[in-house]
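J.: all I have is the shape, not the residue letters:
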């Protein structure tokens with residue numbers, strides 16, 4: 001269910017140059033094609049418009065972009081292009097806008113030849129357009145740098161992913177299985193507020209509603225899934241535990257697919273039967289679902305589930321997680337949960353193990369035991385605030401190594417280190433109302449997360 005962001009690349013040029021300098025445009029259009037190829041190499045799908053010189057040409061290009069349902073419009077100034085030709089039509093497009101501020105030449109120093117001026121002066125067209133968009137109250141993002149000598153195209157592609165993630169969040173359909181965990185208030189938001197403020201639609205069922213799709217799972221389908229698990233995971237769970245988790249999980253998968261849900265949240269406490277087809281908690285399947293781009297959060301937290309789904313579908317390597325314990329000495333936070341993790345984030349091949357489950361009468365489930373891969377990451381929290389407001393808390397962190405204790409390695413675990421002393425980080429996090437459920441996105445994606453919040457119309461705060 002993941003897909004690449006769709007970029008509408010809009011090259012801009014000055015009509016006067018075509019009239020007076022007819023040889024100028026061709027080499028710049030060749031450079032624009034290189035920019036398009038670079039964005040594709042960064043994982044974007046590019047719909048490239050013909051070079052636009054006047055308002056009518058830009059309007060036609062944006063009509064085409066609308067037909068192709070682009071996630072974001074990226075402007076590229078081939079040379080100076082006057083803002084009043086383009087600002088109005090960009091505003092009317094009602095799509096996120098990114099101004100790509102770059103030029104063909106990486107060097108423009110003291111020894112430059114004057115012939116290169118006309119090939120590298122698009123930046124003042126960027127400034128003209130940015131000023132006008134701001135004056136008009138039109139939101140935009142900007143990414144500056146040389147395409148080959150910086151990471152500007154990676155950043156631009158990430159901003160495009162942020163635009164896609166924001167669209168995904170604001171039309172998310174989330175399934176909640178069981179009621180929200182009793183007494184847990186930080187993520188408790190009514191369906192009406194989620195729909196009205198964020199565009200998230202919630203549907204709720206009891207675990208018993210899984211009985212029919214679970215019964216419909218064929219023996220052949222179960223065997224095929226068991227074989228697939230043995231190939232992708234190190235299976236250590238007893239065969240009966242593995243089989244029942246797969247059987248219940250495939251029933252859940254069928255329901256999610258049939259109704260095209262974007263995310264799911266389940267309350268483990270609602271799974272309380274050892275009898276019948278739904279006799280265990282489908283922790284294994286929700287982990288697999290995250291790898292397919294379906295959001296998840298525990299305890300009935302549909303808010304974080306929608307967030308995880310939006311970010312996972314756009315960026316990949318995203319998992320639901322929960323802050324558990326502070327490591328004051330190591331300046332780190334221990335992350336864990338009962339049995340849910342996206343295997344895409346795993347440092348090594350996950351182990352599929354039996355999990356003791358004393359919490360209800362349900363049978364022991366199989367889970368994936370693993371830790372996230374070390375390296376830079378972002379802890380992202382969607383925090384409800386006063387008067388039905390929301391804030392996105394964006395915390396760049398470093399994922400640390402794996403647990404040394406063998407027993408701890410039998411479950412979901414991980415440590416992250418914030419980029420500031422832990423006491424101050426935790427104080428600021430809770431001053432801003434951060435909840436105990438979050439998304440963990442691997443990679444240096446903090447800038448993209450801030451753009452995601454702006455595209456989604458959510459206040460963003462970087463910690």
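T.: Received it, and whenever you're ready, just let me know what you need. Only a predicted model underlies this, so the values are computations on that prediction, with no experimental measurement involved.

J.: quick one: contacts for the residue lying closest to residue 331 once chain neighbours are set aside?
T.: Nearest residue to residue 331 in three dimensions, chain neighbours excluded: residue 422, at 4.8 Å (Cβ to Cβ, 6 or more residues apart in numbering). (Glycine included, C-beta is placed from N, CA and C.) Counting by Cβ atoms under 8 Å, 6 or more residues apart in numbering, residue 422 touches 326, 327, 328, 331, 332, 333.

J.: residues contacting the last one?
T.: Going back to what we said before, that points to residue 333. Here residue 333 is in contact with 323, 324, 325, 326, 327, 415, 416, 417, 418, 422 (Cβ under 8 Å, 6+ apart).

J.: same check, this time on residue 317
T.: 342, 344, 345, 441, 442, 443.

J.: who's in contact with the last one?
T.: It stands for residue 443. Here residue 443 is in contact with 315, 317, 375, 376, 377, 378 (criterion: Cβ under 8 Å, 6+ apart).

J.: farthest-apart pair in the residues you listed, please.
T.: 315 and 375 (14.4 Å; Cβ to Cβ).

J.: tell me which of the two has more neighbours.
T.: More crowded of residue 315 and residue 375, by other Cβ atoms under 10 Å: residue 315, with 26 against 12.

J.: the more buried one and residue 445 touch, don't they?
T.: Yes: with contacts counted by Cβ atoms under 8 Å, residue 315 reaches residue 445, the gap being 6.3 Å.

J.: give me the common contacts of the two.
T.: residue 158.

J.: could you pull out the helices for this structure?
T.: Using DSSP state H, the helices of the chain run over 15-20, 25-41, 55-67, 87-93, 123-135, 152-169, 191-193, 211-215, 219-232, 239-258, 283-291, 302-315, 422-431, 446-456.

J.: residues in contact with the third one?
T.: Residues external to helix 55-67 that are found in contact with it (Cβ under 8 Å, 6+ apart): 8, 10, 12, 47, 49-52, 73, 85-86, 88-90, 92-93, 95.

J.: can you say which of those residues are buried?
T.: Listed as buried from the contacts of helix 55-67 are 8, 10, 12, 47, 49, 51-52, 73, 85-86, 88-90, 93, 95; burial here means 16 or more other Cβ atoms under 10 Å.

J.: restricted to strands, list those residues.
T.: 8, 10, 12, 47, 73 (DSSP state E).

J.: closest to residue 180 out of the residues you listed?
T.: Looking across those and measuring by Cβ to Cβ, the closest to residue 180 is residue 73, at 38.9 Å.

J.: ok, what's across the strand from that closest one?
T.: Per DSSP bridges, the residues bridged to residue 73 are residue 8, residue 97.

J.: what's the pLDDT at residue 183?
T.: With respect to pLDDT, residue 183 scores 87.

J.: quick one, strands of the stretch 251-400 of the chain?
T.: With DSSP state E, counting those that start in this stretch, the ranges of strands along the stretch 251-400 of the chain come out as 263-266, 295-298, 318-327, 332-337, 351-354, 366-369, 375-384, 390-399.

J.: check which helices and strands the second one is in contact with.
T.: Meaning strand 295-298. Counting by 3 or more Cβ pairs under 8 Å, 6 or more residues apart in numbering; DSSP states H and E, the packing neighbours recorded for strand 295-298 are strand 263-266, helix 283-291, helix 302-315, strand 318-327.

J.: give the buried residues for stretch 127-146.
T.: Applying 16+ other Cβ under 10 Å to stretch 127-146 flags 127, 128, 129, 130, 132, 133, 138, 140, 141, 142, 143, 145 as buried.

J.: all set, thanks.
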